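Asks: Quick one, what's the 3D model for this:
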Amino acid sequence: MKNVVIGSLVAAVIVFAYQAMSWMVPLFHANTLKYSAQQDAILAAISQNLTEDGVYAIPNVPPGSTNEQHEEFSKNMLGKPSAVVHFHKSFDMNMGKQMAMGFVLNLIAAFTIAYVMWTAREKLVGFGSKFALAIAFAGFTILQSSLMMANWWQTPGHYLSGEIIDHLVGWGLGGAWLAWWLGRKQTVSQP
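Replies: Below is the predicted model of the structure:
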């Protein structure tokens, strides 16, 4: 179990370092977040009309609407503009706190992958099978997070492409480390 903890810690550092580089060096995220020259006017209008922090689908039906009202709304909205807005009444950028939480989340994810590799070590013999497990975790995350957002909220490709690359490359690097680290000195048991 000591190897799982050490492996998880190093994998989390690898993934965190890759993620930081991916955002700081405008490679995959150069076009992730769009700019609007009208941002001040947009924020002023939003701030005057939204009263609490939250994620808003605009337009939307009021709470408690019937199925018929939802259907009528959807029919009337076809071809018209829409937005999903993450609204905060006050900008709060605490980079230290956000980076610490990002590392903790990576550590939990790395531990999850390492623990599965360790518990399935008799089945996952060799670097390739362990690495494939890490990529499978990344693929699962892409399917259930990134692509679900694209499916339900039409999240555009310019946003998703960098995120998908980050999952695959980041966990490819972290997974390669874990596959090597947890595969050292592993003996293949013959049936």
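Asks: residue ranges with poor pLDDT in this protein?
Replies: 186-191 (pLDDT under 70).
Asks: Please enumerate residues in contact with stretch 143-163?
Replies: 22, 28-29, 31-34, 57, 84, 164, 167 (C-beta atoms under 8 Å, 6 or more residues apart in numbering). Just so you know, the C-beta spots here come from the backbone N, C-alpha and C atoms, and that holds for glycine as well.
Asks: That one: which residues count as buried?
Replies: 146, 149, 155, 159-160, 162-163 (16 or more other C-beta atoms under 10 Å).
Asks: Can you get me the start-to-end distance on it?
Replies: 12 Å (C-alpha to C-alpha, to the nearest Å).
Asks: tell me how far that stretch is from the chain's mean position?
Replies: Taking the mean of its C-alpha atoms, stretch 143-163 sits 10 Å from the chain's own mean (C-alpha atoms, centre = their mean, to the nearest Å).
Asks: just the helices in this protein please.
Replies: Taking DSSP state H to define them, one finds helices in the chain at 2-24, 39-49, 67-77, 95-119, 127-141, 147-153, 157-183.
Asks: Pipe the ones you listed into JSON lines and attach distance to Val61 per row.
Replies: As requested, the helices of the chain are exported to JSON lines (distance: least, C-beta to C-beta, whole Å):
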{"stretch": "helix 2-24", "distance to Val61": "36"}
{"stretch": "helix 39-49", "distance to Val61": "17"}
{"stretch": "helix 67-77", "distance to Val61": "5"}
{"stretch": "helix 95-119", "distance to Val61": "34"}
{"stretch": "helix 127-141", "distance to Val61": "31"}
{"stretch": "helix 147-153", "distance to Val61": "16"}
{"stretch": "helix 157-183", "distance to Val61": "25"}
